[in-house]
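*Asks:* sequence below, structure please.
(one chain, ligands or ions: 1)
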Amino acid sequence: MQYVKLGSTGLDVSRICLGCMTYGLPDRGTHAWTLDEEASRPLIRQALEAGINFFDTANVYSDGTSEEIVGKALRDFADRDEIVLATKVHGRMRPGPNGGGLSRKAVMSEIDHSLRRLGTDYVDLYQIHRYDHATPVEETMEALHDLVRVGKVRYIGASSMYAWEFSKAQYTAERHGWTKFVSMQNHYNLLYREEEREMLPLCADQGVGVLPWSPLARGRLTRDWGKVTRRSAADSFGDQLYLEGDRAIVEAVTRIAGDRGVSPAQVALAWLLHQDTVAAPIVGAAKPRHIEDAVAAVELELSDKEIEELQQSYTPRAISGH
Ligand SMILES: NC(=O)c1ccc[n+]([C@@H]2O[C@H](COP(=O)([O-])OP(=O)(O)OC[C@H]3O[C@@H](n4cnc5c(N)ncnc54)[C@H](OP(=O)(O)O)[C@@H]3O)[C@@H](O)[C@H]2O)c1
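*Replies:* From the prediction side, this is the model:
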């Protein structure tokens with residue numbers, strides 16, 4: 001495994017982050033395709049044994065059960081000091097007032113709930129899952145800064161939003177001497193490259209580490225177009241994100257993978273790992289082979305010609321996934 005500094009921080013993260021949205025009780029929350037605890041634990045252990053030190057979950061994943069399963073597995077299989085544990089806040093955890101969002105009240109409560117479920121007294125990277133238009137950004141940034149000051153959080157990060165929103169949060173923090181975001185977790189892969197317009201240049205300029213979510217387009221970049229799996233059949237969010245015309249990109253991935261004798265997943269991840277701002281794609285792994293491919297992708301060098309071939313069929317599209 002290779003390790004890289006996350007953005008301009010001193011934090012070492014593996015070049016593959018394990019996406020833990022895959023792990024959680026299927027009958028809790030909105031992801032019926034997740035793996036339960038028994039099925040999840042061997043994969044988390046395999047990731048650790050492969051040198052992956054970076055794990056991403058969220059309070060909302062499977063109604064908190066992702067944090068519970070991941071926290072317990074990491075306590076059983078890893079040394080807390082050696083791993084980088086990331087979670088998120090913003091999504092709705094219960095109906096009614098203050099059940100979600102980024103108010104001071106919500107942030108302060110949700111970190112405590114996440115720490116309890118994870119079974120740890122600090123989170124390495126605490127990320128806002130989305131921008132909260134109903135809360136002043138000053139309120140959110142000061143609350144996050146206070147979490148860093150009291151030691152519940154080491155670094156803070158953000159996830160999908162417009163570049164102007166991210167910029168506003170960053171300059172608000174800077175103006176007040178508060179902690180700034182060190183990472184951007186955004187939707188970026190061969191089938192969705194709108195982030196190349198504004199967000200990626202902003203992150204490059206500001207030394208923010210990029211952590212692409214759904215780097216394999218939720219599996220679409222790993223298999224023949226139209227092939228349905230248990231997850232893809234139940235993934236209504238994924239259905240909104242990609243276009244019929246993306247088939248040509250998937251075919252290019254498959255062609256290059258065939259020529260190289262590697263899997264399509266390796267090619268799609270290698271392309272992301274070649275992008276300057278990308279620190280670590282957050283890979284969803286539901287089978288041992290998925291982790292093996294992700295780890296192998298770190299060593300796969302693509303030629304300029306292959307990169308051109310992978311990129312040439314992309315068509316600009318409307319912003320989605322925010
Ligand atoms: N911040 C956000 O808003 C946000 C949003 C989404 C995700 N995330 C984060 O990103 C992580 C990854 O998301 P994701 O699961 O959608 O990512 P992904 O890596 O694009 O998709 C994972 C799926 O791709 C397929 N796959 C993965 N490796 C494969 C391989 N080597 N060969 C064949 N198929 C393979 C599997 O699909 P099948 O199971 O269908 O076979 C797997 O479930 C999440 O766990 C979460 O931490 C964040």
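*Asks:* buried residues in the helix or strand of the chain with the lowest mean pLDDT?
*Replies:* Least confident helix or strand of the chain, by mean pLDDT, DSSP states H and E, is helix 236-241 with a mean of 82. Burial within helix 236-241, assessed by neighbour count using 16 or more other Cβ atoms under 10 Å, is assigned to 238, 241. For every residue, glycine as well, the C-beta is placed using N, CA and C.
*Asks:* quick one: residues contacting the residue nearest to residue 279 when sequence neighbours are not counted.
*Replies:* For residue 279, ignoring the flanking residues on the chain, the nearest one in space by Cβ to Cβ, 6 or more residues apart in numbering is residue 209 at 3.8 Å. The contact partners of residue 209, taken as Cβ atoms under 8 Å, 6 or more residues apart in numbering, are 4-7, 9, 13, 182-184, 203, 277, 279-280.
*Asks:* which strand residues bridge residue 209?
*Replies:* Residue 209 has the following beta-bridge partners by DSSP bridges: residue 183.
*Asks:* per-residue pLDDT, it?
*Replies:* Looking at residue 209, its pLDDT is 98.
*Asks:* separation between it and residue 13?
*Replies:* Separation of residue 209 from residue 13 (Cβ to Cβ, to the nearest Å) stands at 8 Å.
*Asks:* now do the helix or strand containing residue 308: distance to the chain's middle.
*Replies:* Residue 308 is part of helix 304-311, with elements assigned from DSSP states H and E. Chain-centre distance of helix 304-311: 25 Å, with Cα atoms, centre = their mean, to the nearest Å.
*Asks:* flag every residue of the stretch 51-200 of the chain that's near the ligand.
*Replies:* 56, 129, 159, 160, 185 (Cβ under 6 Å from any ligand atom).
*Asks:* which parts of stretch 224-243 are buried?
*Replies:* For stretch 224-243, by 16+ other Cβ under 10 Å, it's 231, 232, 235, 238, 241, 242.
*Asks:* and that stretch with the ligand, contact?
*Replies:* Yes - contact of stretch 224-243 with the ligand (Cβ under 6 Å from any ligand atom) involves 229, 231, 232.
*Asks:* give me the contacts around that stretch.
*Replies:* So stretch 224-243 is in contact with 31-33, 187, 191-192, 214, 217-220, 223, 246-247, 250-251, 254, 286, 315, 317, 320-321, going by Cβ under 8 Å, 6+ apart.
*Asks:* kindly recompute the last result at 10 Å.
*Replies:* The contact list for stretch 224-243 (Cβ atoms under 10 Å, 6 or more residues apart in numbering) reads 22, 26, 30-34, 187, 189, 191-192, 214, 217-223, 244, 246-251, 254, 264, 284, 286, 315, 317-318, 320-321.
*Asks:* which phi and psi values does the residue nearest to residue 221 when sequence neighbours are not counted adopt?
*Replies:* Distances taken as Cβ to Cβ, 6+ apart place residue 268 nearest to residue 221, at 4.0 Å, with adjacent residues excluded. Main-chain torsions, residue 268, degrees, to the nearest 10: phi -60, psi -40.
*Asks:* quick check: the gap between residue 268 and residue 287.
*Replies:* Going from residue 268 to residue 287 by Cβ to Cβ gives 16 Å.
*Asks:* neighbour-wise, which of these two wins?
*Replies:* With neighbours defined as other Cβ atoms under 10 Å, residue 268 and residue 287 compare such that residue 268 has more, 29 against 13.
*Asks:* surely residue 180 is in contact with residue 169?
*Replies:* Yes - counting by Cβ atoms under 10 Å, residue 169 is a contact partner of residue 180 at 8.2 Å.
*Asks:* intersection of neighbour lists for the two?
*Replies:* Contact criterion Cβ under 10 Å, 6+ apart; residues shared by residue 180 and residue 169: 141, 144, 156, 158.
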